[in-house]
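**Q** build me a model from this:
(chains A, B, C and D, ligands or ions: 4)
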Amino acid sequence: MTSSAARPPALDLVAINKRFGAVHANRDVSFTVAAGSIHGIVGENGAGKSTLMSIVYGFYQADSGQIKVHGAEQAIRTSQDAIRLGIGMVHQHFMLVDTLSVLENVILGIEKGVRLAPSLAAARAELERLNRDYALDVDPDALVGNLPVGLQQRVEILKALYRGAEILILDEPTGVLTPQEADHLFRILRTLKAEGKTVLLITHKLREIMDATDAVTVMRQGAVVGTVKTTETDKAQLAEMMVGRKVNLVIPKAARDPGPVVLEGRGIRLVDRRGVTLLHDLDFTVRAGEIVGVAGVSGNGQSELLDVLSGIRAPTAGEILYHGKPLPPLNGTEAARRRALGIAHVPEDRMTMGLVKPFPAYESAILGYHHDRDLQGTSGIRRLLFDRTALIARTEAFMAEFDVRPPDPLLRTSLFSGGNQQKIVLAREIHRDPDLLLIGQPTRGVDIGAIEFIHRRIVDLRDAGKAVLLVSVELDEILSLADRIIVMAAGKITGILPRAEADERRLGLMMAGETGRAGDAA
Amino acid sequence: MSAARQSGLPRWVDLGLLPALNLAAALIVSGLVIALIGENPFEALLILVNGAVGYPEAIGYTLHYATNFIFTGLAVAVAFHAGLFNIGGEGQAYVAGLGVALVCLALPGWPWWAVLPIAMIAAIVCGAAWAFIPGYLQAARGSHVVVTTIMFNFLATAFMTWMLVDVIRAAGQQAPQSAAFPPSTHLPTVQEMGAILGISLPQMPLNLGFFLAILTAVLVYLYIWHTRWGYELRTVGTNETAAVYAGMPVPRLIVIAMVISGALAGLAAINEVMGVQHRLVMNWTGGVGYVGIAVALMGRNHPIGIALSALLFGALYQGGSDLAFEIPAITREMIIVIQGLVILFCGALENLFRAPLEAFFRPKSG
Amino acid sequence: MDMIISMLDATFRVATPLVLAGLAGLFSERSGVVDIGLEGKMLAAAFAGGTVAFLLANPWAGLLAGMLTALFLSMVHAFACVTHNGNQMVSGMAINIVAAGITPTLASAWFHEGGRTPVLPTEGRFRPIDLPLAETLRDVPLVGKLYAEVISGHTAPVYLAALIVPLVAYLLYQTRFGLRLRAVGENPHAVDTAGISVARTRYLALACNGLLCGMAGAYLSVAQSSGFLQDMTAGKGYLALAALIFGKWKPWPTLLACLLFAFTDALQVRLQGVPLPVVGEVSVQFIQAVPYILTVLLLAGFVGKAVAPKAIGLPYVKSR
Amino acid sequence: QDTTPAIVFDMGGKFDKSFNEAAYNGAERFKKETGTAYREFEITNENQREQALTNLARRGVGVIVSVGFAQQAAVEKIAPQFPNVKFVIIDSVVNAPNAQSIIFKEEEGSFLVGALAAMASKTGKVGFVGGMDIPLIRAFGCGYAQGAKYINPKAEYIANMTGTTPAAWRDPAKGAELAISQFDRGVDVVFAAAGGTGIGVMQAAKDKGKLAVGVDSNQNHVQPGTVLTSMLKRVDNAVYNSFMDVKKGTWKAGTISLGLKEEGVDWALDDNNRKLVTADMEAKIKSIRADIISGKIKAVDYRANNNSCPVS
Ligand SMILES: Nc1ncnc2c1ncn2[C@@H]1O[C@H](COP(=O)(O)OP(=O)(O)OP(=O)(O)O)[C@@H](O)[C@H]1O
Ligand SMILES: Nc1ncnc2c1ncn2[C@@H]1O[C@H](COP(=O)(O)OP(=O)(O)OP(=O)(O)O)[C@@H](O)[C@H]1O
Ligand SMILES: [Mg+2]
Ligand SMILES: [Mg+2]
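**A** Residues are numbered from 1 along each chain as shown, chains lettered A, B, ... in the order given. Ligands and ions are numbered 1, 2, ... in the order given. Now for the predicted structure:
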């Protein structure tokens, strides 16, 4: 730190403004980032964090304001400018080409010469080094599309480092990572800092802010609320600055004894086309009025379990009982039928599964429920048609109730920020108060205000006597919500235990059936 | 794709001025071509417009051509909303003509209003059948519909040539075409309809089919944007994973989309074969299926847009033939050039003037 | 045996324009720009080729003219689709239609032979080239005849096409341009953030597209037949597109698809009027349908799902 | 009452170097000789046929010549609506009081060139390339085969059809391929009845040093020294005559069938193919010609022979 104190600030933002049509994404944003520090940026969904960083990286142009890099004012018009100034960015949604190898992705844009071979060779050598120095262990020849997100992200970091980034921006890097992967990431970031590099870290997880950063800037609705030294603040204060009110970081939850079994899995097995067994004869139950958490390193079968239960994928063997009756095998529309039976499903991946990005919000908000009677006209021929006003009304209700911003049912889904998209999905699935809620990574990429809100809704459901199956890689989340915990590793259930008997260490061990593989190969 | 574009322009500019400018640009370039061959572009333009909408027959012909384009345009659009690019409208319509012909020939003495529903079913079934196979192959085997529909256009011509030459060719005539349909089966023309209402109209091919097309356009609009089934279609076309998640039967929907698409293309046969030609002629489609692609894309796959661009193409067809007729130096090929330029400027270069206009209107539009 | 030889011989002649056009399409579509304008660009090139080859009595000049003409049209396509985010399919159709109209118009304006350019003098056409030793080896059993009849004795563009396939494969997989091309068709955002201009890459791709497409067109009028005739492409552009998709947007598979199309056509020609086993003599139309039926069957049976470049058909706009 | 004559060309276009072009030449000849201008229209798509006729008829032209059987339907429909306009349909029959139908005995002309082909052939194999597999084209092929077999009963006849789309008439590349495939099978004389596609056939013949036979108008000049002869179908005369008759007022409705006798069909001999046709070949053809006219030789019309050919 002392050494870097002498240096001019790595980044100095002055009165940055950015509008997208009606939306004022950044208003007079100003703050400085000390060189050689890890600087956190927090803020609600839609606060303008990604936009701001995209401006710094030259992906968007600011409408007004100036950017100083290492003390000198710079006009950053393109990503090329940013790269030349030693700015690297790991985007919230990765900027990788799935069909290319890691090496090819890394050299893309900075190839040396017309032929690839030399560049590839050079890059390979350099990658070996970076791999070693930062313990990234990424296979240079793997197809990026086949890598788990954790590794894809390291490829992004590799790209930045390979381009000699002095300032590294990470937009919600841990949103998609398992705790193990996250720890690994922070080790990498500390090494970078030790080398005098500067890191900008956008995250919704205050724990990470407290653990990793030196200073943190809080944003709300496009503007900066303040910048504070991490050592001089705490989670509660940050949370309050972000949301503008007190936030309960842990939802109080009364003990409650569960009702009858709502969902039962008997010997559920799933074998994929290549003959790999993804689920090994799972037996479990979920009762009314209880939240069953599924803990495990991501990629150990939780996603497949959700797919099977929600009727997206057919199990190879075994049966699923709902209210004691076996659910019929898939017929193409099974997912819809199960919804109609009261099985709601919040998918892990809202981007590609839970929403249709080009649709206006009010159309995304009925996905899967589009056959609902109350969405159709009432009389005669109108019964065949949607009642558009009802559609929009329902969406407006969602948006009000879940505080979705901007509350505009006609806005294109893709234009909502990550967290707000998640709220739309959640609202849609909870709305029809289901008997059983299957929910995956409910708070991935969601701000703490929303997390509090979402957690409360889940608990309310449970208190209302509904059954909830919660899949999450966030142990805190599992521990704070679940009544019972199923631990999965390599597609097997390695243990089922009541919340009371569970703690991080114990769960960690059970998940560790495969710890070696944590993240990497998953 | 272009559907959900937010624009910084006032509505009237976006929907009125901009297209007008594009059309103007197209006509100016066409004018240059005409001037090049030493004809007066303004006179030519006058003849073109007059020939398209200047007198009752002209309007009749324009609307008649537009009718075919509406059907084939809708066909392309429906498939497109399901993410499928159906180039097969030509072949689907061609084969549908066979169905219509067989029905009309099989029911001599029946009044048209009794024949029409059966003929429509025949057209729909034949057109749909020709689209079903590519649809099924895309859904079940992942065979790209672009390829299969191209192939099925070739197959249609082979099949129909055989039919017309060796099977249904009327005895004792050498032209590869069916016998003329019994007059009772002919669709009423607007002339006849007008006569009933006491309005006297000149002889023109415009017939009941036109109103059928309008009705169909409305139905397609409701289907795509106002029914749960249309919603499923669009979801499959935009995000298949989401469709599966929502419990939509993706393969079935793909087949359905193609079948509806084929059926719509098939209906063109009602207008053309049962309404005007009154016999099945070789290559009666004359490219309506292909024009339908341009019509659909220029109409942004929206029934209203399709109706409008169909009208434009109808006008170009009719006005163009008048132009070629009045000024012999202007050949039919030159008319095709003009049509192409209109597609280029009004379709592909639709944004040419957008940026400048946005710059111009920004102060006003805030 | 002779039958086979003559069929293989024909296969190469007929496949050549398909291969060239197919690879042209590959550049465009791999960069994310749909190209249904191949037909029109070929036609325009055929016309330019026929015209110049006649005026200068030099086939190479004709070839060059064809390439430049198609290049121009490709740039129009790029201007519409890349610069102005126009609809790529509309643009392609427009090019097809304009080309179909303008070529005969100019032809009759310049040569007064209707929609035709004059029949080329011998020195204005590409002549068959006899490879070394073709005659001496002819009598070597089997291979000799194959070499002399099938391999040797084609026109320059045929051999050119044969060279271009590996060249394109190399360009696509082994060079900087190829890497960027593959990337921009899959995820233009990634390319943009990597500091590469999406537009520039797509323009370059379309330039290659034009040059190859031009060769394909000129081949028709300057090598395969002599002179331009209205609509002489007769759907070859669409067939090339089909071959490209059939070949999953990859050079070698696309080559195979083209050879398949050409071979089935050669077969079809030789089956006409020949009584077949079991069925006996069938109507010509059914024989003529054989290539298309075969294609559909193969597509359904063996080729499996063709995955288009992810960004194909979509104009690139910075926004979510 | 305006007597401007008018002509409606078919899809092939007036410069198809064969059928429509012949009609065009006839009209031009009329214009040169009489100084009377004529109206013309080229069909772009099927839907235009009736429109074109109506347009012309409404403008009160004297006579409308419709070129090509494809226009039969349109003429049948429009003729009754304009009783005082004269209609002429070429290559098809329309029965109406104001319609004249001109058909040609293609089989006779084809017979002649078939015989000549057989005489010129060293391999005894003669080929035929048709545009589309339709009755009219089959009639050409059938007459051609008969002529060949008449000269050489063991002559082998190989036929190919180009395609099933309108492109079939304008695909020289395909024409060349078809011809070459026939050459590879031993054919050394090819008769092309395929519009523009024929140009490719003649080119291929030239490249391979074989012989070709042209069709409709005299195509001997297209590839001098390669085109053995052309089967003339004097559409030009037909058009010219009907224009003239109307001008002179001698025009009559009804069906006219033109064969060798009426010089409606014939073979072409000029300096372009002089060297290819030996004296005794010429003599032989002349005598066959006479025999057909006198009826000593019967060239069977495929169409009249309930769509079957006596030879194959
Ligand atoms: N390309 C765009 N077009 C229109 N509006 C946009 C665009 N990008 C972002 N916005 C809007 O700008 C605001 C800020 O978005 P941004 O993604 O920066 O928020 P964020 O802080 O990153 O949210 P999250 O924490 O959920 O990622 C949001 O209201 C969003 O809807
Ligand atoms: N010639 C072509 N080559 C490749 N893709 C094309 C072509 N023509 C159209 N497309 C694209 O395919 C889309 C849908 O057509 P189709 O369903 O046949 O393709 P697909 O196999 O579904 O692939 P995708 O849906 O990814 O485009 C169209 O929106 C268009 O962008
Ligand atoms: Mg963000
Ligand atoms: Mg698709």
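
**Q** in chain D, what residue is nearest chain C?
**A** D:F15 (1.8 Å; Cβ to the nearest Cβ). In this view, the C-beta of every residue, glycine as well, is placed from N, C-alpha and C.

**Q** any part of stretch B:244-258 near ligand 2?
**A** No. Stretch B:244-258 is not in contact with ligand 2 by Cβ under 6 Å from any ligand atom; minimum separation 8.2 Å.

**Q** please enumerate the strands of the stretch 1-150 of chain D.
**A** Ranges of strands within the stretch 1-150 of chain D are D:5-9, D:39-42, D:63-67, D:86-90, D:99-104, D:125-130, based on DSSP state E, counting those that start in this stretch.

**Q** contacting residues around residue 134?
**A** Because you didn't say which chain, this covers chain A. For A:Y134, the contacting residues are A:157, A:161, A:188, A:191-192, by Cβ atoms under 8 Å, 6 or more residues apart in numbering or on different chains.

**Q** hmm, no, I was thinking of chain C.
**A** Taking Cβ under 8 Å, 6+ apart, we find C:A134 in contact with C:147-148, C:152-153.

**Q** now with 10 Å?
**A** C:144, C:147-149, C:151-153 (Cβ atoms under 10 Å, 6 or more residues apart in numbering or on different chains).

**Q** mind putting those residues in JSON lines, distance to A:T333 and pLDDT included?
**A** Formatted as JSON lines, the contacts of C:A134 follow (distance: Cβ to Cβ, whole Å; pLDDT from 0 to 100):
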{"residue": "C:G144", "distance to A:T333": "64", "pLDDT": "79"}
{"residue": "C:Y147", "distance to A:T333": "61", "pLDDT": "82"}
{"residue": "C:A148", "distance to A:T333": "63", "pLDDT": "79"}
{"residue": "C:E149", "distance to A:T333": "59", "pLDDT": "79"}
{"residue": "C:I151", "distance to A:T333": "57", "pLDDT": "86"}
{"residue": "C:S152", "distance to A:T333": "61", "pLDDT": "85"}
{"residue": "C:G153", "distance to A:T333": "61", "pLDDT": "86"}
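
**Q** restrict those residues to those near chain D?
**A** Contacts with chain D within the contacts of C:A134, counted by Cβ under 10 Å from any Cβ of the partner chain: C:E149.

**Q** just the contacts of C:A134 now: which is nearest chain D?
**A** Nearest member of those to chain D, counting by Cβ to the nearest Cβ, is C:E149, at 9.4 Å.

**Q** can you give me the strands for the stretch 201-350 of chain A?
**A** Counting by DSSP E, counting those that start in this stretch, the strands of the stretch 201-350 of chain A are A:215-220, A:223-229, A:261-271, A:277-287, A:291-295, A:317-322, A:325-326, A:343-346.

**Q** Provide the backbone phi and psi angles at the residue nearest to C:S6 when sequence neighbours are not counted.
**A** Using Cβ to Cβ, 6 or more residues apart in numbering or on different chains and skipping the chain neighbours, the partner closest in space to C:S6 is D:D184 (3.6 Å). When read as degrees, to the nearest 10, the backbone of D:D184 gives phi -60, psi -20.

**Q** and D:D184, how many neighbours?
**A** For D:D184, the neighbour count with other Cβ atoms under 10 Å in any protein chain shown is 18.

**Q** hmm, back to that, need the pLDDT of the residue nearest to the residue of chain D closest to chain C when sequence neighbours are not counted.
**A** Spatial nearest neighbour of D:F15, chain neighbours left out: C:G114 (1.8 Å); criterion: Cβ to Cβ, 6+ apart. On pLDDT, C:G114 comes in at 75.

**Q** gap between C:G114 and C:M89?
**A** C:G114 sits 31 Å away from C:M89, going by Cβ to Cβ, to the nearest Å.

**Q** looking at those two, which one has more neighbours?
**A** C:M89 (24 against 21).

**Q** contacts only, for the more buried one.
**A** C:M89 sits next to B:76, B:80, B:85, B:87, B:293-294, B:296-297, B:347-348, C:34-37, C:81, C:313 when contact means Cβ under 10 Å, 6+ apart.

**Q** in helices only, show me those.
**A** Mapping the contacts of C:M89 onto helices (DSSP state H) picks out B:76, B:80, B:293-294, B:296-297.

**Q** which two among the residues you listed are spaced furthest apart?
**A** By the measure Cβ to Cβ, the ones in helices among the contacts of C:M89 have their two most distant members at B:F80 and B:A294, which lie 12.7 Å apart.

**Q** the two: who's more crowded?
**A** For B:F80 versus B:A294, neighbours defined as other Cβ under 10 Å are more numerous around B:A294 (32 against 21).

**Q** give me the nearest residue to the more buried one, chain neighbours excluded.
**A** C:M93 (4.8 Å).

**Q** what's the nearest residue to B:G73 if we skip its chain neighbours?
**A** Leaving aside its chain neighbours, B:G73 sits nearest to B:V295 (3.6 Å; criterion: Cβ to Cβ, 6+ apart).

**Q** go on, D:N152?
**A** Excluding its sequence neighbours, the residue lying closest to D:N152 (Cβ to Cβ, 6+ apart) is D:A118, at 4.7 Å.

**Q** could you do C:F263 as well?
**A** Counting by Cβ to Cβ, 6+ apart, the residue nearest C:F263 is C:T11, at 4.6 Å.

**Q** give me the number of residues near that neighbour?
**A** 21.

**Q** near the residue of the stretch 151-300 of chain A found nearest ligand 3, how many other residues are there?
**A** Across the stretch 151-300 of chain A, no residue is closer to ligand 3 than A:D171, which sits at 5.7 Å (Cβ to the ion). When neighbours are counted by other Cβ under 10 Å, A:D171 registers 23.

**Q** surely it and A:V199 touch.
**A** No. The criterion here is Cβ atoms under 10 Å, and A:D171 misses it with A:V199 at 11.9 Å.

**Q** which ones are touching the closest residue to B:G91 other than its chain neighbours?
**A** In this structure, B:G91 finds its nearest non-sequential neighbour in B:A156, 3.2 Å apart by Cβ to Cβ, 6+ apart. By Cβ under 10 Å, 6+ apart, the contact set of B:A156 is B:88, B:90-98, B:130, B:285, B:289, C:289, C:292, D:164-165.

**Q** distance check, A:G36 against ligand 2.
**A** 46 Å (Cβ to the nearest ligand atom, to the nearest Å).

**Q** same check, this time on A:G440
**A** Distance from A:G440 to ligand 2, counting by Cβ to the nearest ligand atom: 26 Å.
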